[in-house]
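Peer 1: sequence and predicted structure below; questions after.
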Amino acid sequence: MSEKSRLTRRNFLTRLFLAASATALGGCQKLSESPWFVKILGVGEKATRRVQRLVLPRRAVAQEFTEAELSPQFRSNGTFMPRNPAYLAMAEGGFAGYRLEVGGLVERPGTFSLADIRALPSRTQITRHDCVEGWSAIGKWKGARLSALLEAVQVKPAARYVVFHCADPMGEDGSSPYYESIDLEDAFHPQTILAYELNDETLPVKNGAPLRLRLERQLGYKMAKYVMRLEVVEDFSHIAGGKGGYWEDRGYEWYAGI
Amino acid sequence: MARTKRTAAKGSRYYRHTLPVRLMHWINVIVLVILLMSGLNIFNAHSALYWGEQSYRGVPPFLVLGSRIDDEGEVSGITRIFGHDFDTTGFLGASRDSEGDVVERGFPSWLTIPATRWLAMARRWHFFFAWLLVLNGVCFVGYSLASRHLHRDILPTRRDLRSIGRSVVDHLRFRRPKGEAARHYNVLQKLAYLSVIFLLLPLVILMGFGMSPALDALVPGWVGIFGGRQSVRTIHFIVAWALVLFTIIHVFQVIVNGFWNNLRSMITGYFRVAPEVDDE
């Protein structure tokens, strides 16, 4: 082969490489918008959930910290003041009129005042909150053990998930209220609480007053704030977008252990 | 032109890289590029780095890819490193979007997958290819042990280690190995590959585990060994760029030591060894 023809081949290959890179970059954006490809990518997160559930003992607890490690200010993220007149009126009255509704697949559906919730067995924990965005903050939480509440209402055998319906309207027009769901394994975990205190004070509105979920082995978006109603279900595909949460309906993974 | 001369001077081709090694090498190339770019998209969701367990202990982050908007609405990118500000408009902190407007963005869109700000999708890419990295890595280490590729080609011999000084001088003078020496990796090359395979890649994966709240609960407090959860995120970021640095040096070495010969050897497996006698 002559030197000249080899050079043109090299030129050609170099150009091919550059063109391929540009195509690949544009392609990644296109692929991200193709449902079939997104489904394939989703295999990774599904595998992560399976493996993490396999290796992590059911009762394994998240690390707890000391008072010295508390964040001076616990960051508020997402909603800091729900644009919901009924909620705002209730907040004005110090949540005296607040009633947590518990229903769905339970033997004894009912409503709970904040006094009722505070009367349930509680747990206090200093934990690290990890946001999906990448930041972390440490706070001291006190709340009712979700397991105690669920035992009080008696979950039916068919039940698989607890859905948290919240008071904060989301989206541009505020038409989609925040919601989340967790499975019973997490619901009965000792660190899973409905928190009503942050750093020894009544939970502030910016952090989810009067009640927010703490789910310490998953990311922040699972920990619904402004919780108004618990619904115990077998399946959540009929709720809102059907993916089990406000962010899940917008592409985030239901399992947020990573 | 030099073909006959080379043959005469005992220049020869030999089978350098086996098919599994070539295959796993190219899988790694694709996987690492995608992991880096989707990782930078994830980083852009909170473009600051901290040391310790958390982000809000009253100490400012030591690296921020931030931005500033002046009175006229003009956006500029500001990179803050240990409190020192640098204007990095167009690249870090603020860069052009697909419409050509300068917008706030940590790393520019041409460095991220997807190109747009899209955390949920970037995570999907990242975790899928993270699995491929782990599986490919396990296969490579398994294969290298079983085939003795590791012992034969990568682990430095005692003689190698004694010749580090000479090897450094050879590298600085761009002196290419010839004859028998060209059939083996040199000692610096071996040490570089070893540290990537057994130090940087396992570390970047471990630091990825450390960012998972579920895996942190496996042995509560283990991330503390590395300084805490935010330190783990920072180390993950630094090691990722250390791998980029390795890749730059690696590609540079490939270019200066005969680009097409090296590239061909990683595609077909065959490598041409320069003859012992100078043909210049």
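Peer 2: On my side now, so go ahead.
Peer 1: in the stretch 101-250 of chain B, which spans are strands?
Peer 2: For the stretch 101-250 of chain B, the strands defined by DSSP state E, counting those that start in this stretch occupy B:102-105.
Peer 1: tell me the contacts of residue A:254?
Peer 2: A:181, A:243, A:244, A:245, A:248 (C-beta atoms under 8 Å, 6 or more residues apart in numbering or on different chains). C-betas here are computed from N, CA, C, even on glycine.
Peer 1: same question, residue B:231
Peer 2: Here residue B:231 is in contact with B:50, B:51, B:52, B:53, B:223 (C-beta under 8 Å, 6+ apart).
Peer 1: ok, back up a step: rebuild the contacts of residue A:254 as JSON lines, extending it with secondary structure.
Peer 2: Shown next, in JSON lines, are the contacts of residue A:254 (DSSP: H, G, I helix; E, B strand; the rest coil):
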{"residue": "A:181", "secondary structure": "strand"}
{"residue": "A:243", "secondary structure": "coil"}
{"residue": "A:244", "secondary structure": "coil"}
{"residue": "A:245", "secondary structure": "coil"}
{"residue": "A:248", "secondary structure": "helix"}
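Peer 1: tell me the centre residue of chain A?
Peer 2: Nearest to the mean C-alpha position of chain A, counting by C-alpha atoms, centre = their mean, stands residue A:222 at 1.1 Å.
Peer 1: so it versus chain B, what's the distance?
Peer 2: Going from residue A:222 to chain B by C-beta to the nearest C-beta, to the nearest Å gives 10 Å.
Peer 1: okay, buried residues for the host helix or strand of residue B:252 please.
Peer 2: Per DSSP states H and E, residue B:252 falls inside helix B:229-256. Buried residues in helix B:229-256, defined by neighbour count with 16 or more other C-beta atoms under 10 Å in any protein chain shown: B:229-237, B:239-240, B:242-243, B:250, B:253-254.
Peer 1: one more: stretch A:27-44?
Peer 2: A:28, A:29, A:31, A:32, A:37, A:38, A:41, A:44.
Peer 1: so what's whatever residue of the stretch 151-258 of chain A ends up closest to chain B up against?
Peer 2: Proximity of the stretch 151-258 of chain A to chain B (C-beta to the nearest C-beta) peaks at residue A:257, 3.1 Å away. Residue A:257 makes contact with A:48, A:49, A:52, A:56, A:217, A:218, A:219, B:212, B:213, B:214, B:215 under the criterion C-beta under 8 Å, 6+ apart.
Peer 1: among those, which are in helices?
Peer 2: If you go by DSSP state H, the contacts of residue A:257 have A:48, A:49, A:52, B:213, B:214, B:215 in helices.
Peer 1: from these, pick the one nearest residue B:155.
Peer 2: Of all the ones in helices among the contacts of residue A:257, residue B:155 sits closest to residue B:215, with 31.1 Å by C-beta to C-beta.
Peer 1: skipping adjacent residues, who's closest to that closest one in space?
Peer 2: Closest residue in space to residue B:215, ignoring its immediate chain neighbours: residue B:209 at 4.7 Å, by C-beta to C-beta, 6 or more residues apart in numbering or on different chains.
Peer 1: for that neighbour, give its distance to residue B:74.
Peer 2: The gap separating residue B:209 from residue B:74 is 42 Å, by C-beta to C-beta, to the nearest Å.
Peer 1: which one of these two has more residues nearby?
Peer 2: residue B:209 (18 against 11; other C-beta atoms under 10 Å in any protein chain shown).
Peer 1: surely that one meets residue B:222?
Peer 2: No - taking contacts as C-beta atoms under 8 Å, residue B:209 lies outside contact range of residue B:222: 9.2 Å.
Peer 1: cool, thanks, talk later.
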